[in-house]
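Student: This is a predicted model, with the sequence first.
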Amino acid sequence: GACCSYRLRDALHPLWQSPLTIPGGTRQSPINIQWRDSVYDPFLKPLKISYDPTTCLHIWNNGYSFLVEFDDSTDRSVIVGGPLENQYRLKQFHFHWGAINEWGSEHTVDSKFYPAELHLVHWNAVVYPTFEEAVMEGNGLAVIGVFLKLGAHHEGLQTLVDALPAVKHKDAVIEFDVFDPSCLIPSCPDYWTYAGSLTTPPLTESVTWIIKKKPIEVDENQLEAFRMLLFTSDGEEEKRMVDNFRPLQPLMNRTVRSSFQ
Ligand SMILES: NS(=O)(=O)c1ccc(NC(=O)CN2C(=O)C=CC2=O)cc1
Ligand SMILES: [Zn+2]
């Protein structure tokens with residue numbers, strides 16, 4: 001269908017200069033989550049999330065997305081449980097979105113796209129000394145994925161949306177000193193989990209993905225606010241920051257587990 005050919009065209013999109021998949025990659029992300037092929041694992045624990053809102057540092061436009069970065073020098077904002085063997089520290093969160101509401105998420109559920117997807121990026125500070133080292137290890141990172149769907153206004157997201165005009169251009173940064181990202185995570189505990197990779201370079205196969213089953217609702221104005229950001233720096237010819245998602249990758253020899261029946 002249109003979306004598939006679009007995906008191919010998109011895969012050649014200048015944003016993804018890197019190869020569609022890394023040579024020899026066996027656990028690349030994102031993937032389509034086929035609900036009926038996911039396997040309920042009764043041994044999966046509930047995910048425990050405890051963030052300290054004062055660890056929030058700044059928002060910046062890195063030329064791919066906008067990132068909200070956290071002070072990860074201590075264990076003040078962490079997740080534990082779920083499929084994880086250790087506690088993981090929050091490093092940053094960011095989003096991926098489309099030019100229109102028909103697509104934008106990186107993962108799909110039964111081949112359905114959401115208009116956007118939130119990624120909360122954590123690293124295994126129990127085993128590795130730095131984030132940069134954890135990025136290179138199979139159990140180094142844990143990313144919580146939350147789908148965004150078009151619906152009611154999201155109060156918590158609005159504080160972030162209000163700050164976006166200040167980071168319109170690539171490399172812009174603004175201080176953002178109190179924000180609790182747990183307001184962006186659905187209260188429903190259900191999730192899927194699988195072994196995958198970063199979806200932007202260096203594409204390393206170091207991510208335990210935890211994808212929340214329930215989406216959060218945001219309104220049209222909030223999605224439009226994402227779309228007014230730019231890939232380009234101040235003074236360059238403006239390119240709107242949209243369609244910053246990687247094409248779907250082959251499942252290969254992986255099983256997606258669910259925390260729910
Ligand atoms: N889209 S995703 O898979 O969640 C994804 C998640 C993370 C990164 N990369 C990084 O975090 C790079 N990075 C550093 O090395 C230090 C700060 C920083 O942002 C790339 C992709
Ligand atoms: Zn991401």
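Tutor: Received, thanks. Ligands and ions are numbered 1, 2, ... in the order given.
Student: contacts and neighbour counts: CA atoms only from here.
Tutor: OK.
Student: what about the residue in the stretch 101-250 of the chain that ligand 1 sits nearest to, distance to Glu205?
Tutor: For the stretch 101-250 of the chain, the residue positioned closest to ligand 1 under Cα to the nearest ligand atom is Leu198, at a distance of 3.3 Å. Separation of Leu198 from Glu205 (Cα to Cα, to the nearest Å) stands at 7 Å.
Student: next one: Ser182
Tutor: To Glu205, Ser182 is 26 Å away according to Cα to Cα.
Student: my guess is Asn139 contacts Val207, does it?
Tutor: Yes - with contact defined as Cα atoms under 8 Å, Asn139 reaches Val207; the gap is 6.6 Å.
Student: The two: which has the busier surroundings?
Tutor: Residue environment comparison for Asn139 versus Val207 gives the larger neighbour count to Val207, 30 against 20, counting by other Cα atoms under 10 Å.
Student: Surely that one touches Gly138?
Tutor: Yes - because the distance of 6.8 Å satisfies Cα under 8 Å, Val207 is recorded as touching Gly138.
Student: Near the spatially closest residue to Gln92 that is not a sequence neighbour, how many other residues are there?
Tutor: Here the nearest residue to Gln92 in space, its sequence neighbours aside, is Glu69; by Cα to Cα, 6 or more residues apart in numbering that works out to 4.2 Å. Residues contacting Glu69 under the criterion other Cα under 10 Å number 21.
Student: name the element Glu69 belongs to?
Tutor: Applying DSSP states H and E as the criterion places Glu69 in strand 66-70.
Student: close to ligand 1, is that strand?
Tutor: No - in this structure, strand 66-70 remains apart from ligand 1 according to Cα under 6 Å from any ligand atom; the gap is never smaller than 7.4 Å.
Student: Name the residues that touch that strand?
Tutor: For strand 66-70, contacts defined as Cα atoms under 8 Å, 6 or more residues apart in numbering pick out 55-61, 90-95, 167, 176.
Student: among those, which two are most distant?
Tutor: Leu90 and Val167 (21.5 Å; Cα to Cα).
Student: neighbour count winner among the two?
Tutor: The residue with more neighbours, out of Leu90 and Val167, is Leu90; 31 against 18, by other Cα under 10 Å.
Student: ok, now which ones touch that one?
Tutor: Here Leu90 is in contact with 51, 70, 72, 77-79, 120-123 (Cα under 8 Å, 6+ apart).
Student: re earlier: any idea how far the residue of the stretch 101-250 of the chain closest to ligand 1 is from Arg227?
Tutor: Taken as Cα to Cα, the spacing of Leu198 relative to Arg227 amounts to 22 Å.
Student: Show me which of these two is the more surrounded one.
Tutor: When neighbours are counted by other Cα under 10 Å, Leu198 comes out ahead of the other of Leu198 and Arg227, with 22 against 18.
Student: residues in contact with that one?
Tutor: For Leu198, the contacting residues are 28-29, 204-207, by Cα under 8 Å, 6+ apart.
Student: Check which helix or strand it maps to.
Tutor: Per DSSP H and E, Leu198 falls between elements, in no helix or strand.
Student: which parts of the chain sit against ligand 1?
Tutor: With Cα under 6 Å from any ligand atom as the criterion, the chain comes near ligand 1 at residues 119, 121, 132, 143, 198-200.
Student: so how far is the first residue of stretch 173-191 from its last?
Tutor: Across its full length, stretch 173-191 reaches 32 Å between end residues, using Cα to Cα.
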